[in-house]
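Visitor: model this:
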Amino acid sequence: MNKIEMSEIADLTGAISNYNKLASYLPQLDNTQRESLNVLWQRALKFSRGGKYMDPEAYTHWQFINLHMVSQMWGSTSCGWGGIGGAAMTSSYTTIIENSYLNAVFVYYGPTLVYIADDNEKLEKYKTNGWKSLPSMDSAKKQLDLFYIKTKR
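Guide: Numbering: from 1, shown residues only. Predicted structure coming up:
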């Protein structure tokens, strides 16, 4: 049985809050990733009646999500962020917000959006495994089709 601490509940709440904010500023996340984000943004706008911003009807589709919170074991204290960390095995929670209308998965470490992946056959093995062993930030670039990946921790 996993024990969930108050800080992890706060991280989950922060991830959901940050996801909700994305509906307003998704096109502004990162200029270097604008082309792939535009693909995702166009998926979001297909539910809108027109214009640059989601109308209330489109925003309703944004809100239909499946939420997953999984404990993952990492090879160092840097967890899924990669980089230099202590050598100890470290467990931490990853929040996954699955939006089937957009065919996209939003992955959060704590309250921070780490990457947005296309929900396609490359992601299927993680879904069927209960979202266990999702790739780290560095591995996600190679293993998944990404719309967005955070450039700095």
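Visitor: state the mean pLDDT of the longest helix along the chain.
Guide: Counting residues, the longest helix in the chain under DSSP state H turns out to be helix 6-25. With pLDDT averaged residue by residue, helix 6-25 scores 80.
Visitor: so how many other residues sit close to Gln143?
Guide: Residues within reach of Gln143, counting by other CB atoms under 10 Å, total 16. To be clear about C-beta, it is placed using only N, CA and C from the backbone, and glycine gets the same treatment.
Visitor: could you find the closest non-adjacent residue to it?
Guide: Counting by CB to CB, 6 or more residues apart in numbering, Pro135 is the residue found nearest to Gln143 once chain neighbours are left out, at 4.8 Å.
Visitor: that neighbour: what secondary structure?
Guide: For Pro135, the assignment made with DSSP: H, G, I helix; E, B strand; the rest coil gives coil.
Visitor: hang on, it packs against Leu144?
Guide: Yes: with contact defined as CB atoms under 8 Å, Pro135 counts as touching Leu144 (6.5 Å).
Visitor: what about the two, which has more around it?
Guide: A count of neighbours by other CB under 10 Å puts Leu144 above the other of Pro135 and Leu144, at 22 against 18.
Visitor: what about the strands in this structure?
Guide: Listed in chain order, the strands of the chain (DSSP state E) span 66-74, 90-99, 104-109, 112-118, 146-149.
Visitor: ok, the third one: who's next to it in the sheet?
Guide: Sheet pairing for strand 104-109, assigned by DSSP bridges, gives strand 90-99 (antiparallel), strand 112-118 (antiparallel).
Visitor: repeat for the last one
Guide: In the sheet, strand 146-149 lines up against strand 112-118 (antiparallel) (DSSP bridges).
Visitor: before I go, just wanted to say thanks for your time.
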